[in-house]
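Peer 1: Show me the folded form of this:
(one chain, ligands or ions: 1)
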Amino acid sequence: MYTIDLTGKTGLVMGVANQRSLAWAIAQPLVQAGARLAYSYQGERLLPALEKLTAGQDTFLVPCDVTNDDDLDALFETVEARYGRLDYLVHALAFAPQVTFDRPFVEVARDDWRTAMDVSAYSLVAATRRAAPLMRDGGSIVTLSYLAAERVVPHYNMMGVAKAALEASVRYLAYDLGPQGIRVNALSAGPARTIAARSISGFGEMYGEAGRASMLKRNIETDEVGGLGFALLAGQLGGGVTGATIYVDAGFHAIGMFLPDRAE
Ligand code: NAP
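Peer 2: The predicted structure follows:
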């Protein structure tokens, strides 16, 4: 039997808001395989839920607003003090002001552009730069993207542009860190009903359409995102993959035309 034992491995998971979070879906198989994980959260309001969710795990929780360099420094100092090293980083967070989803892209304001880019794309670079020195024996970093990075998806607007920057950042980070044995990849997930998704105008309609139109004729499950995240993080499985954006979207990304007559 082929088994993966991650005993002795450590990871940091950024972006768990609740049990529906994609970050949580990726954390589950890592923990089940024996890895020890720390979690960062943006604000105190999330702490009670996160404490409840992670009860029973050998873990610690650290506040970190990714727009704040002091928070980021403190987060990685804590990780170094507690673990002394790091094997995995899960970056699963994004934000764009609500107005950017509600108004046409052509109207995006400079400050809203900056905010979306800062939280959703630059934060990967900022976190990776701090994680890399702790990845003494190599490591693996996974971030979350979406098809709106490369195609127009109505309402995503500024978030789509930020995801494009995120995917390009993955390639440059993977290039820089490859010689140290550190892999960096993006997982492009199909729509999933999470808190972040709720801010996207018309998300319910898009979720339904993605399920109907995808090759598999269904939406993805978050544990399918978790499974591929696990494969990318665990060196025994994803060791040869870096600089990639891999889709977990039931095949939606590869369809060039949607015809209404395909059998349901
Ligand atoms: P989620 O559960 O709401 O997670 C998003 C997380 O981002 C939350 O924990 C949120 O914290 C955090 N965050 C936002 N701004 C932050 C900041 N300044 N500092 C630190 N953390 C911050 O939603 P999710 O869908 O799992 O999102 C995870 C990732 O998957 C995102 O990059 C998203 O774009 C991507 N993704 C989602 C889907 C989907 O359909 N759900 C599809 C493809 C890709 P707060 O709750 O405190 O704001």
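Peer 1: For the stretch 101-250 of the chain, which segments count as strands?
Peer 2: Ranges of strands in the stretch 101-250 of the chain, per DSSP state E, counting those that start in this stretch, are 139-145, 182-189, 245-248.
Peer 1: Can you lay out these as JSON lines showing distance to Phe105?
Peer 2: No exception for glycine: its C-beta is placed from N, CA and C like everyone else's. Converted to JSON lines, the strands of the stretch 101-250 of the chain look like this (distance: least, CB to CB, whole Å):
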{"stretch": "strand 139-145", "distance to Phe105": "18"}
{"stretch": "strand 182-189", "distance to Phe105": "20"}
{"stretch": "strand 245-248", "distance to Phe105": "21"}
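Peer 1: In JSON lines: those, plus mean pLDDT and distance to Val79.
Peer 2: Compiled in JSON lines, those are given as follows (pLDDT from 0 to 100; distance: least, CB to CB, whole Å):
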{"stretch": "strand 139-145", "mean pLDDT": "98", "distance to Val79": "12"}
{"stretch": "strand 182-189", "mean pLDDT": "98", "distance to Val79": "15"}
{"stretch": "strand 245-248", "mean pLDDT": "98", "distance to Val79": "26"}
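Peer 1: and the ones you listed, which is most packed in?
Peer 2: Counting by mean count of other CB atoms under 10 Å, strand 139-145 has the highest mean neighbour count of those, with a mean of 27.
Peer 1: That strand vs the ligand: in contact?
Peer 2: Yes: on the criterion CB under 6 Å from any ligand atom, strand 139-145 is in touch with the ligand at Leu144, Ser145.
Peer 1: Direction included, what does that strand pair against?
Peer 2: strand 88-91 (parallel), strand 182-189 (parallel) (DSSP bridges).
Peer 1: Distance to the ligand added to those strands, as a markdown table?
Peer 2: Listed next are the strands paired with strand 139-145 as a markdown table, based on distance: least, CB to the nearest ligand atom, whole Å:
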| stretch | distance to the ligand |
| --- | --- |
| strand 88-91 | 8 |
| strand 182-189 | 4 |
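Peer 1: what about the ones you listed, which gets the closest to Ser201?
Peer 2: Across these, Ser201 has its closest neighbour in strand 182-189 (19.1 Å, CB to CB).
Peer 1: Kindly export the closest one (C-alpha atoms) in CSV.
Peer 2: Extracted as CSV, the C-alpha positions of strand 182-189 are listed here (Å, rounded to 0.1, in the frame of the first residue of the first chain):
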residue,chain,number,x,y,z
ILE,A,182,11.2,25.4,-2.6
ARG,A,183,8.2,24.8,-4.9
VAL,A,184,5.5,27.4,-5.5
ASN,A,185,2.2,26.6,-7.2
ALA,A,186,-1.3,27.9,-7.6
LEU,A,187,-4.5,25.9,-7.4
SER,A,188,-7.2,27.4,-9.6
ALA,A,189,-10.5,26.2,-7.9
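Peer 1: what about stretch 187-203, how long is it end to end?
Peer 2: 20 Å (CA to CA, to the nearest Å).
Peer 1: In that stretch, which of the residues would be classed as buried?
Peer 2: Of all the residues in stretch 187-203, those buried under the rule 16 or more other CB atoms under 10 Å are Leu187, Ser188, Ala189, Gly190, Pro191, Ala192, Thr194, Ala196, Ala197, Ser199, Ile200, Phe203.
Peer 1: Once you drop chain neighbours, what's closest to Arg82?
Peer 2: Distances taken as CB to CB, 6 or more residues apart in numbering place Phe60 nearest to Arg82, at 6.0 Å, with adjacent residues excluded.
Peer 1: thought that neighbour was touching Ala38?
Peer 2: Yes: look at Phe60 against Ala38 with CB atoms under 8 Å: they come within range, at 5.2 Å.
Peer 1: list the residues that contact both of those two?
Peer 2: Shared contacts of Phe60 and Ala38, defined by CB atoms under 8 Å, 6 or more residues apart in numbering, are found at Thr78, Arg82.
Peer 1: Please say which of these two ends up with more neighbours.
Peer 2: Ala38 (22 against 15; other CB atoms under 10 Å).
Peer 1: Stretch 236-256: which residues count as buried?
Peer 2: Along stretch 236-256, these residues count as buried under the neighbour rule (16+ other CB under 10 Å): Gly238, Thr242, Gly243, Ala244, Thr245, Ile246, Tyr247, Val248, Asp249, Ala250, Phe252, His253.
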